[in-house]
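J.: sequence and computational prediction follow.
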Amino acid sequence: MSKAIRMSRTGGPEVMELVDVEVGPPGPGEATVRHEAIGINFIDVYFRTGLYAQPLPNGLGQEGAGVVEAVGEGVTEVKVGDRVAYAARPNGAYAEVRNMPASILVVLPEKIAFDTAAAMMLQGMTVQYLLHQTAQLKAGDTVLFHAAAGGVGLIACQWARVMGVNLIGTVGSDEKAALAIENGAAHAINYKRDNFTEKVKEITGGKGVSVVYDSIGKDTFIGSLNCLAPRGLMVSFGNASGPVAPFAPSELQTRGSLYVTRPTLPHYTATREDLEATAKSLFGVVASGEVKIAINQRYNLADVGQAHIDLESRNTTGSSILLPH
């Protein structure tokens, strides 16, 4: 038997229940993974609340790291005893042990600890595709990154510094502003005190930025568009404040022929080749020490409700993980 979080309805943190589940042998193409650490991400909240749909009852969690205990027929990606990590659907990472598609597992370098891997796979590979693939950034570019003191944000601050990119981050407090600067942001804007659009124009001498990375959604979308230079790119990759309201395409024309994209990690790691290349890029900057993963919140699996409360309150910084034992 394995302890696992299950939910039979959508709603608040109380819908997540710690239960015993039977984990049978892995099926064809599957591997059995015993978790050493599990990542917590805002996408888990989207599934819990029903913003993102899934069949119920079901589990939660899309990120983890552990050891392969068994493999099913036809599995070639990993073998028994491998240290592995992953970040992708299907949900179900909030568990001690799970069977999952072997195709989404990557072998973890010995230099990277399990807790670091669980804290970085979803967030780190997200930053990799955002900075290296969704936009073709080059040294000297200036971008705006919302929630710069969060898990994704702190990785983005560091990676942008490595690339020579000037990252302007928005944060919710002076303490978080200092954290973003410490991690490589060129500027940090406290959105609770200052209008971030006005501050971006001030910082850029009225020019605006070439790219905005926005995981907040409803509350920041129009303001983000107003931060862009002509022909700039708006990257909307999350909905922490709620989904973006419908808008007319003319909103893009009047602001300078802007571009908008709504990317998601599974589309950037859909092939084994793309997955391994994205993970290898992440492993490289973490193993070298150029990007450090800040695990600032740790919770027992049974305390996942509190973890979600803390995440939704925006009281967390860096990454959060669950410890299954």
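T.: Alright, I've got the coordinates.

J.: just the mean pLDDT for the longest strand anywhere in the chain, thanks.
T.: Ranked by number of residues, the top strand in the chain under DSSP state E is strand 30-40. For strand 30-40, mean pLDDT is 97.

J.: and that strand, which strands flank it?
T.: In the sheet, strand 30-40 lines up against strand 63-71 (antiparallel), strand 97-101 (antiparallel), strand 319-323 (antiparallel) (DSSP bridges).

J.: now tabulate these in TSV and tack on mean pLDDT and distance to residue 25.
T.: Glycine gets a C-beta too; all of them are placed from N, C-alpha and C. Listed next are the strands paired with strand 30-40 as TSV, based on pLDDT from 0 to 100; distance: least, C-beta to C-beta, whole Å:
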stretch	mean pLDDT	distance to residue 25
strand 63-71	98	6
strand 97-101	97	8
strand 319-323	94	25
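
J.: how about those, which one is nearest residue 229?
T.: Closest approach to residue 229 among the strands paired with strand 30-40 (C-beta to C-beta): strand 319-323, 31.5 Å.

J.: what does the closest one contact?
T.: With C-beta atoms under 8 Å, 6 or more residues apart in numbering as the test, strand 319-323 has contacts from 37-40, 61, 94, 115, 118-120, 123, 151, 154, 293-301, 304, 307, 310-311.

J.: what ranges does this structure have for its helices?
T.: Along the chain, counting by DSSP state H, helices occupy 42-49, 114-129, 151-163, 174-182, 196-203, 221-225, 250-254, 265-268, 272-287, 304-312.

J.: does residue 31 touch residue 76 like I think?
T.: No: between residue 31 and residue 76 there is no contact under C-beta atoms under 8 Å: 10.8 Å.

J.: rewinding a little: residue 275 is nearest to which of the strands paired with strand 30-40?
T.: strand 97-101 (11.3 Å).

J.: can you get me a residue count around residue 290?
T.: By other C-beta atoms under 10 Å, 13 other residues sit near residue 290.

J.: just checking, residue 291 touches residue 156?
T.: No: the pair residue 291 and residue 156 does not pass the contact test of C-beta under 8 Å, sitting 9.5 Å apart.

J.: tell me which of the two has more neighbours.
T.: Per other C-beta under 10 Å, whichever of residue 291 and residue 156 has more neighbours is residue 156, with 31 against 23.

J.: straight-line length of stretch 243-258, end to end?
T.: End-to-end distance of stretch 243-258: 20 Å, with C-alpha to C-alpha, to the nearest Å as the criterion.

J.: out of the helices of the chain, which is closest to residue 318?
T.: Among the helices of the chain, helix 151-163 comes nearest to residue 318, with 5.4 Å by C-beta to C-beta.

J.: just the mean pLDDT for that closest one, thanks.
T.: Averaging pLDDT along helix 151-163 gives 95.

J.: same for it, what does it pack against?
T.: helix 114-129, strand 142-145, strand 166-171, helix 174-182, helix 272-287, strand 319-323 (3 or more C-beta pairs under 8 Å, 6 or more residues apart in numbering; DSSP states H and E).

J.: who touches both of residue 31 and residue 76?
T.: residue 102.

J.: who has more neighbours, those two?
T.: Taking other C-beta under 10 Å, residue 31 and residue 76 do not tie; residue 31 has more neighbours (27 against 10).

J.: now do the contacts for the closest residue to the more buried one other than its chain neighbours.
T.: Spatially, and ignoring its direct neighbours in sequence, residue 31 is nearest to residue 102 (4.2 Å; C-beta to C-beta, 6 or more residues apart in numbering). The contact partners of residue 102, by C-beta under 8 Å, 6+ apart, come to 29-31, 71-72, 75-78.
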